[in-house]
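In: sequence and predicted structure are below.
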Amino acid sequence: MMPVRLLGFVLLLGAIVAFFGALSPHFAATANVSAILRHMSAIELAALGLTFVVVVRRSDLSFPGIASLGAMTAGWFVAQEQGLPLALLAGISIGIACGAISGAAVGFMRLPDIVSTIAIGAISASLSFLYSQGATISDNFVSVGLVDFNNRSIGLVGVPVLLMLAINLAAWMFLHCTRFGRGFYATGENPRSALLSGIRTRAYVLGAFAASGGMSCLAGILRSAEAGQAHVHIGSSFLLPAYASVYLGAALFGRASVAATFASCLLISATLNGCNLLSVPYYYGEGIIGLLVLLTVIAFDPRTGGLLDTAIRHSGNKTEA
């Protein structure tokens, strides 16, 4: 059934491209496609980290606050002229640490994931104010090369896009092609059987949250590079697009996965970009994302009895026959 679901995604993406391409001649231009991919890089990486959490059947509401803390940490190191590598290491490390705390609270202490991650996200967001008392940080962003990193391209492809693709490829190989990666799915689908088969399910939950924290901070740093400054609310825009990307992908492809998250994030980014070209007010963005997710879930999710899901299952049955 996966090829049929892939066909459904291709048709949906084609419909979006055809619709906006007919209304705006700039939509399919090479420069605009490059802009779509470059802008989606940060959100997609945050969604990629969240995918690990969703795979183990947990929820994470801490990553926007953690992303802000990581971005402000990296920005502070840049402002102190500590160099870009150290700034990146510090920002991502603090994200992994905060995510691991969330994972320990949920996996080992058995605390409710919603309550725990809301609390840790709020604490992380508050800590981000310590660096500048809430003021933006932009000192040395140009001189250390952070802004140049975002603007640089290799051929027609931006460096942030190449980074996103490389990380997604590595995550796909790990999650879908290794025994350790498949342990995440086993932990989420049947934790008791996974535990009896020797999988350390609590450690996998901790690892999933740590991945979410680290990736959200990398996303926050990329967004800071794009804006030319770090600020304490930089992660607040990640929550809805990241969750929408993961669950839209799960509805389209049958379960959460690296490829599904990437594909759905591309759909969302293309839709928002098209609306922007048509001068749709920015404040309708969240509503557009919500509507896209709702319609896709209704159409593809088996629990809704959607027409497209029924067609996919019938096609799969005919293929097997």
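Out: The structure has been received and is ready for your questions.

In: who's in contact with Cys265?
Out: Cys265 is in contact with 40, 43-44, 47, 241, 245, 249, counting by CB atoms under 8 Å, 6 or more residues apart in numbering. Using the backbone N, CA and C atoms, a C-beta is placed for each residue, glycine as well.

In: what does Val159 give?
Out: Val159 is in contact with 149-150, 152-153, counting by CB under 8 Å, 6+ apart.

In: 10 Å instead, please
Out: 38, 41, 148-153, 222, 225 (CB atoms under 10 Å, 6 or more residues apart in numbering).

In: buried ones among those residues?
Out: By neighbour count, with 16 or more other CB atoms under 10 Å, these hold 38, 41, 149-150, 222, 225 as buried.

In: in terms of helices and strands, where is the closest residue to Ala105 other than its chain neighbours?
Out: What sits nearest to Ala105 in space, not counting adjacent residues and going by CB to CB, 6 or more residues apart in numbering, is Ser116, at 4.2 Å. Assigned by DSSP states H and E, Ser116 belongs to helix 113-127.

In: tell me the buried residues in that helix?
Out: Those would be 113, 116-121, 124-125, 127, for helix 113-127 by 16+ other CB under 10 Å.

In: pLDDT of it, averaged?
Out: On average, the pLDDT along helix 113-127 is 96.

In: that one: how far from the chain's middle?
Out: 18 Å (CA atoms, centre = their mean, to the nearest Å).

In: which stretches of the stretch 101-250 of the chain form strands?
Out: Here the stretch 101-250 of the chain has its strands, by DSSP state E, counting those that start in this stretch, at 153-154, 157-158.

In: just checking, what packs against the last one?
Out: The one in question is strand 157-158. Using 3 or more CB pairs under 10 Å, 6 or more residues apart in numbering; DSSP states H and E, the elements in contact with strand 157-158 are helix 30-55, helix 146-151.

In: would you single out the least confident of those helices?
Out: Minimum mean pLDDT among these: helix 146-151, a mean of 88.

In: quick one: contacts of that one?
Out: Contacts for helix 146-151 (CB under 10 Å, 6+ apart): 38, 41-42, 74-75, 78, 84, 87-88, 138, 140-142, 158-160, 163, 221-230.

In: go again using 6 Å as the cut-off
Out: By CB atoms under 6 Å, 6 or more residues apart in numbering, the residues outside helix 146-151 that reach it are 78, 141, 159-160, 225-226, 228.

In: most surrounded residue in these?
Out: Ranked by the number of neighbours (other CB atoms under 10 Å), the contacts of helix 146-151 place Val78 first, at 30 neighbours.

In: mind pulling up the pLDDT for that one?
Out: pLDDT, Val78: 94.

In: residues making contact with the helix or strand encompassing it?
Out: Taking DSSP H and E as the criterion, the element that holds Val78 is helix 63-79. If you take CB under 6 Å, 6+ apart as the criterion, helix 63-79 is touched by 86-87, 90-91, 94-95, 98, 121, 124-125, 127-128, 131, 137, 139-140, 144, 146, 212-213, 216-217, 219-221, 224, 230, 232, 234-236, 238-239.

In: what about it, distance to the chain center?
Out: For helix 63-79, the distance to the chain centre is 17 Å (CA atoms, centre = their mean).

In: same deal with stretch 155-165?
Out: Worked out by CA atoms, centre = their mean, stretch 155-165 lies 16 Å from the chain centre.

In: which parts of it are buried?
Out: Within stretch 155-165, the residues that count as buried by 16+ other CB under 10 Å are 158-162, 164.

In: can you add pLDDT and give those residues back as TSV?
Out: Listed next are the buried residues of stretch 155-165 as TSV, based on pLDDT from 0 to 100:
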residue	pLDDT
Gly158	91
Val159	93
Pro160	94
Val161	95
Leu162	96
Met164	97
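
In: for Ala105, state which of those residues is nearest.
Out: Met164 (29.3 Å; CB to CB).

In: which residues does the residue nearest to the closest one when sequence neighbours are not counted contact?
Out: In this structure, Met164 finds its nearest non-sequential neighbour in Ser41, 4.3 Å apart by CB to CB, 6+ apart. Ser41 makes contact with 160-161, 164, 222, according to CB under 6 Å, 6+ apart.

In: give me the subset of these lying in helices.
Out: Members of the contacts of Ser41 lying in helices (criterion: DSSP state H): 160-161, 164, 222.

In: which of these sit farthest apart?
Out: Val161 and Leu222 (10.5 Å).
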